[in-house]
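# Sequence and predicted model, in that order:
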Amino acid sequence: MNGADFRGISVHNFSEKILEQVVHFHVMKLDGGFFLWVGSAPVLSNLAVSLNSKYDSMPLSTLVMGDPSETTASSLAQRLGNLNPFYHFFHSFMSPKKTKLELFLLFLSVSFNYHQIFLWKHSSYTLNNPFSICLQDKLHNSSVTHYST
Amino acid sequence: MSEPIIRSKKTQREINGIPTEVVCTEFSNYIFVVLTQFGKIGTLVSVTPDSRSNDISTPPFSTKVLLGKDEPMTHVCAKNLAMFVSQEAGNRSVLLGLALKDSSIETIKEMKEVIKSCQVW
């Protein structure tokens, strides 16, 4: 999905109930990367960017905007950056203070190596189409957890 | 089907022969404008109106390059492109992603019109 294959920026919006809270996702697919926003209120904060470098097997990530003590955005961006060597991610995570959702997403980012995230692999995504977040723990080869509509 | 809580509009135009894409996204605290001729977000600039308002003239704006090369031209372009957006959007800050092959005055003028056509504020 780089260079010649790129067909223009596309935008995808969807929402999902995670742990009894409605979480909204906004994805902007770019040439060789994504902008991902996750949150429950339409506020832009904690913007992190990650990109792959030849100097480290882990993607580099940095917080471009927001509270540096909130490491969720950067670490998630880094994890997402690991998915595909050619992608870089902008990720903005609006964390409602001390809710189960934050703990859940923190748990995901800290405990698992994302194997695949299918949030944007559906070619024509609308709110009615199903999506799934597929997580697989590389270390333990454990079972896959699906969250699907 | 409910409306997404993040409103966005996008368009694609040819400006000076170069395919250009604009995506405007509305957040409660920011208007996020991506103006690109590379398909990528590019240099991230935050354009913020200063809180001290001056009734006589337009309030001053501060521009800060958050990601990318910090050049005087970047600040000039960002201010030119984003000032009207901020003012029309109730003095909200603008996060501008700028990736231009051509940043001449005529192009910037045309780009303002394209941004207007993607108004989400």
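Ah, there it is.
# roughly how far apart are residue B:72 and residue B:79?
For residue B:72, the distance to residue B:79 (Cβ to Cβ, to the nearest Å) stands at 11 Å. Using the backbone N, CA and C atoms, a C-beta is placed for each residue, glycine as well.
# Between the two, point out the one with more neighbours.
residue B:79 (18 against 7; other Cβ atoms under 10 Å in any protein chain shown).
# who's in contact with the helix or strand harbouring the more buried one?
If you go by DSSP states H and E, residue B:79 is part of helix B:72-88. Residues outside helix B:72-88 that contact it (Cβ atoms under 8 Å, 6 or more residues apart in numbering or on different chains) are B:24, B:31, B:33, B:35, B:43, B:45, B:47-49, B:58, B:61, B:63, B:65, B:68, B:92-94, B:96, B:98, B:100, B:103, B:108, B:111-112, B:115-116, B:119, B:121.
# Swap in 7 Å and give it another go.
B:31, B:33, B:35, B:43, B:45, B:47, B:49, B:61, B:63, B:65, B:92-94, B:96, B:98, B:103, B:108, B:111-112, B:115, B:121 (Cβ atoms under 7 Å, 6 or more residues apart in numbering or on different chains).
# And those, which of them are buried?
B:31, B:33, B:35, B:43, B:45, B:47, B:49, B:61, B:63, B:65, B:92-94, B:96, B:98, B:103, B:108, B:111-112, B:115 (16 or more other Cβ atoms under 10 Å in any protein chain shown).
# Which of those fall in helices?
Counting by DSSP state H, the part of the buried ones among the contacts of helix B:72-88 found in helices is B:108, B:111-112, B:115.
# And those, which is closest to residue A:9?
residue B:115 (14.4 Å; Cβ to Cβ).
# For residue B:8, the count of nearby residues, please.
For residue B:8, using other Cβ under 10 Å, the count is 18.
# Residue A:24 is in contact with residue A:12, correct?
No: here residue A:12 lies out of contact with residue A:24, judged by Cβ atoms under 7 Å, at a distance of 11.4 Å.
# between these two, which one's more packed in?
More crowded of residue A:12 and residue A:24, by other Cβ under 10 Å: residue A:12, with 21 against 18.
# leaving aside the residues next to it on the chain, what's closest to the closest residue to chain A within chain B?
Closest contact between chain B and chain A, by Cβ to the nearest Cβ, is at residue B:39 (3.0 Å). In space, residue B:39 comes closest to residue A:31 once its chain neighbours are excluded; the distance is 3.0 Å by Cβ to Cβ, 6 or more residues apart in numbering or on different chains.
# Report the closest residue of chain A relative to chain B.
residue A:31 (3.0 Å).
# I appreciate the help and will end here.
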